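Peer 1: could you work out the structure for the sequence below:
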Amino acid sequence: MKTLPSGANLDHLKKQAKELLRLYRDGDATAISRFTSNLPAAAHRTRDEVVALGLRLHDAQSCIAREYGFASWTELRLYVESRAVPREQQDWIRYWLGLAYGGDVVGSYDAGRPRVAAQLLRDHPGLPSSDVSVACAAGQLDAIARAVAADPDWINRADGPLNLPPLVAVTHSRLGQLPEFAERLRNCARFLLQAGAHPNQRIGNRYPPATLASPDESEPLSALYGAAGVNRDAVLTEMLLTAGADPNDGESLYHSLEEPACTRLLLAYGARVGGTNALRRALDMPSPVALELLLAHGGDPNEPVEAGPTTTWGPPLMRAIAVRRSARHIAALLAAGADPQARTPGGVSAWRLAMQTGLREVADLLREAGADDTLSAEDEFVAACARADASEARRIQALHPDLPRALPEHQLRLLPDTAAWGSREAVKVMVELGWPIAARGGDWDASAVNHAVFRGDAELTAFLLSHGASWRETHGFGADVLGTLSWASFNEPDVIEHGDWIGCARALVAHGLPEIERDPADAERLLIEGRPMRFSEGVAQALLPDDRVTSKPD
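Peer 2: Numbering: from 1, shown residues only. All right, here's what the predicted structure looks like:
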């Protein structure tokens, strides 16, 4: 990893990125090798394959950032700008803590930036010894031990700029996601527990509209949740459970599912599945492992449905089919006792839904389990579309020319649902056969183009826009497609692999957006029809007119 010069500034780094891009376009072997070594999109590709990618300025910036140890240009820019702002010691401490924790601890919408925090810590090595709050977040055991020796009661008292009990401060530190800090933080947690820290220390959620000053105590965030749900550290999770942490804290099980080792520990120590919504969360995951774990530990495959955005389809079996989970998911639910005769609130049977969503293997499993139903001509048409079987769908449409217009709303929503699944070819078939392009569906009541942008599917986004979709289409949370792009570009949903939100931005620009400019009051934001919005750095560059010019090949 390269070391960033002490006098580095953003303008100099931008010039480095432009020079790297120029050399790449000239076919320079060293430049191409740098991309192959540092840019995930170029990894493991041949020289010709990297050249064929047509990399652009934001790719060069990302490459530069990664060479200096950052995950993105945004992180590198934040670090450089942070170093350039003179601050008093207490201001540095508060600023640094904001980088070390997520918004639910800090009381903001900002995500934690552990790599930036780690780099700044190298610039200010004395920071942990000057404030025990920093010591907790950075895993500095000596400073914590001195604090306990000086005031034994401190170990169970909320303290510091963020008003955190020490064990919560340690387990929620996102520096735990960096290998060089993980073991340090475990050692600190072990010391605190041995010294008498209560394993069930917790705080109220501060994520807006709650605040640091007025946390939401109805959503407690425990030390265990920091270990199992935030950092997903199985070693730290087991340490807390062994010390007596309550696995039924309302958050840990649900958020642990991305790391089955943490989930197994919570279940082994008595975590209850019912009432946590964890079973439905497991159905969002392509891997069936989390679902199988929950079912093996008392998860109810016929769990009653409470009102909410994921309840359109009814019981877990219906939702599993609706979001196109694998035959193994369905088999696990059926083996655990899911009712194969289940129906959606609208009366659609599990078997019909499986056929309508193109899941023939799942439909066969349901038949074997006793499901019994038939398909109408409309159902057959919908099923052909879901399979992307254009010839069969056109054959049926020729016999029933009122399709798809005559379909009921619960079937018209197949278009956005299919976009949410990522079935690009099926979406194209439906659109070309006349499906209402602005139909809304999916868990968040959104149009197909909203779902395509959420997934970072640039090809599908461009296709939908070219067939009449509009960036003004709204969704259930009240925002439009640009709002979807804003959220996705920052959060890069972890259920999506290889999302291309920059490509989505380019597709939107190509199909007509109003004038966009930097917000004079805040360089981090863009102004769109007078509305301030934030996007990731790469997406913002793709939306701005200057990037549309400078990103073209020389």
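Peer 1: is G441 bridged to anything, and to what?
Peer 2: A446 (DSSP bridges).
Peer 1: just give the number of residues close to it.
Peer 2: 24 (other Cβ atoms under 10 Å). Quick note: C-beta positions are derived from backbone N, CA and C, even for glycine.
Peer 1: so who does it touch?
Peer 2: Residues in contact with G441 (Cβ atoms under 8 Å, 6 or more residues apart in numbering) are R413, L414, L415, P416, D417, A420.
Peer 1: kindly recompute the last result at 10 Å.
Peer 2: Contacts for G441 (Cβ atoms under 10 Å, 6 or more residues apart in numbering) come out as 312, 322, 409-410, 412-420, 447-448, 451, 476.
Peer 1: in helices only, show me those.
Peer 2: Counting by DSSP state H, the part of those found in helices is 322, 409-410, 412, 414-420, 448, 451.
Peer 1: buried among the residues you listed? Make that a ChimeraX selection.
Peer 2: Entered in ChimeraX, the line below selects the buried ones among the ones in helices among the contacts of G441, by 16 or more other Cβ atoms under 10 Å:
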select :322,410,412,414,415,416,417,418,419,420,448,451
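Peer 1: which residue sits closest to D131, ignoring its sequence neighbours?
Peer 2: Distances taken as Cβ to Cβ, 6 or more residues apart in numbering put I93 closest to D131, at 5.0 Å, once the chain neighbours are dropped.
Peer 1: the one you found touches A138, doesn't it?
Peer 2: No - counting by Cβ atoms under 10 Å, I93 sits too far from A138 to count as a contact (11.2 Å).
Peer 1: what is in contact with the two at once?
Peer 2: L127, P128.
Peer 1: quick one: contacts for the residue located most distally from the centre of the chain?
Peer 2: Note on the chain: the largest C-alpha distance from the chain mean falls to L399, namely 43.7 Å (Cα atoms, centre = their mean). For L399, the contact set (Cβ under 10 Å, 6+ apart) comprises A377, F381.
Peer 1: swap in 8 Å and give it another go.
Peer 2: A377.
Peer 1: P532 belongs to a helix, doesn't it?
Peer 2: No - read with DSSP: H, G, I helix; E, B strand; the rest coil, P532 is strand and lies in no helix.
Peer 1: and it, what is it in contact with?
Peer 2: Contacts of P532 by Cβ under 8 Å, 6+ apart are D519, A521, D522, R525, L526.
Peer 1: quick check: beta-bridge partners of it?
Peer 2: Going by DSSP bridges, P532 forms beta bridges with L527.
Peer 1: okay, it and R394: tell me how far apart.
Peer 2: Distance of P532 to R394, computed by Cβ to Cβ, to the nearest Å: 46 Å.
Peer 1: repeat for A469
Peer 2: 22 Å.
Peer 1: now swap in G538 and tell me
Peer 2: Counting by Cβ to Cβ - G538 and R394 are separated by 40 Å.
Peer 1: can you check K15 too?
Peer 2: 55 Å.
Peer 1: more crowded one of these two?
Peer 2: More neighbours surround R394 than the other of K15 and R394, with 14 against 11 (other Cβ under 10 Å).
Peer 1: for the more buried one, give me the pLDDT.
Peer 2: Predicted confidence (pLDDT) for R394: 96.
Peer 1: give me the nearest residue to it, chain neighbours excluded.
Peer 2: R394's closest residue in space is L433 (Cβ to Cβ, 6+ apart), at 7.1 Å.
Peer 1: wait, doesn't that neighbour sit right on A393?
Peer 2: Yes - if you go by Cβ atoms under 8 Å, L433 and A393 touch, sitting 5.9 Å apart.
Peer 1: can you list residues touching both of the two?
Peer 2: C385.
Peer 1: who has more neighbours, the two?
Peer 2: Neighbours per residue, other Cβ under 10 Å: of L433 and A393, the larger number sits with A393, 25 against 17.
Peer 1: so how far is A438 from the more buried one?
Peer 2: 20 Å.
Peer 1: what of L366?
Peer 2: Applying Cβ to Cβ to L366 and A438 gives a distance of 32 Å.
Peer 1: quick one, which of the two is more surrounded?
Peer 2: L366 (28 against 18).
Peer 1: and the residue lying closest to P304 once chain neighbours are set aside, what does it touch?
Peer 2: Distances taken as Cβ to Cβ, 6+ apart place P315 nearest to P304, at 7.8 Å, with adjacent residues excluded. Residues in contact with P315 (Cβ under 8 Å, 6+ apart) are P301, N302, E303, P304, V305, A338, D339, A342.
Peer 1: now do 7 Å
Peer 2: N302, E303, V305, A342 (Cβ atoms under 7 Å, 6 or more residues apart in numbering).
Peer 1: just the buried members of these?
Peer 2: E303, V305, A342.
Peer 1: kindly list the main-chain dihedrals of the last one?
Peer 2: The phi and psi values for A342, taken as degrees, to the nearest 10, are phi -60, psi 150.
Peer 1: so it sits right up against A320, yeah?
Peer 2: No - using Cβ atoms under 7 Å, A342 is not in contact with A320, being 10.3 Å away.
Peer 1: so what's the residue count around E392?
Peer 2: Neighbours of E392 (other Cβ under 10 Å): 16.
Peer 1: what about it, which SS state?
Peer 2: helix.
Peer 1: ok but S470 is inside a strand, no?
Peer 2: No - according to three-state DSSP, S470 belongs to no strand; its state is coil.
Peer 1: tell me where the model's unsure across this structure.
Peer 2: 306-312, 493-497, 546-554 (pLDDT under 70).
Peer 1: domains of it?
Peer 2: 10-79, 86-268, 278-368, 377-550 (automatic domain parsing).
Peer 1: rebuild those as JSON lines, extending it with distance to L4.
Peer 2: JSON lines is the format used below for the domains of the chain (distance: least, Cβ to Cβ, whole Å):
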{"stretch": "domain 10-79", "distance to L4": "5"}
{"stretch": "domain 86-268", "distance to L4": "8"}
{"stretch": "domain 278-368", "distance to L4": "37"}
{"stretch": "domain 377-550", "distance to L4": "17"}
